[in-house]
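just coords:
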């Protein structure tokens, strides 16, 4: 059924059914909304959209929803490892600063991103 090929053109061609038609692939969504990890990811990432949270000063400048959704998606795929939350929050904080905003201190509210780690970066 599976066969190793020697070059990328041969590999690409192996996915063709008829000329111009590719084999369908199943896209795996790590965020099954019924899964515990989905709930956990939402709980961890919620800080970015919290109306009275450290990112509230940014909400009028940069829509937090895409950052929240990306955070949840990444954590769904990696939980119980939750290291990526720091990167997700950092991205939103940087986008806020780039737009002229100033997020409040958020690292001390996220155990995964403690102040000691922040000082080392």
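Structure's in. What do you need? If you're wondering where the values come from, they're calculated on a predicted model, not measured in any experiment.

helix or strand with the lowest mean pLDDT in the protein?
Ranked by mean pLDDT, DSSP states H and E, the weakest helix or strand in the chain is helix 115-120, scoring a mean of 44.

helices along the protein, start to end?
8-13, 36-45, 65-78, 84-98, 115-120 (DSSP state H).

buried set for the second one?
When you say that, I think you mean helix 36-45. 37-38, 40-42, 44-45 (16 or more other CB atoms under 10 Å). C-beta here means a position set from N, CA and C on the backbone, and glycine is covered the same way.

switch the residues you listed over to CSV; also include pLDDT.
Below are the buried residues of helix 36-45 laid out as CSV (pLDDT from 0 to 100):
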residue, pLDDT
37, 84
38, 89
40, 89
41, 90
42, 92
44, 90
45, 92
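
closest to residue 57 among those?
Set against residue 57, the nearest of those by CB to CB is residue 45 (18.3 Å).
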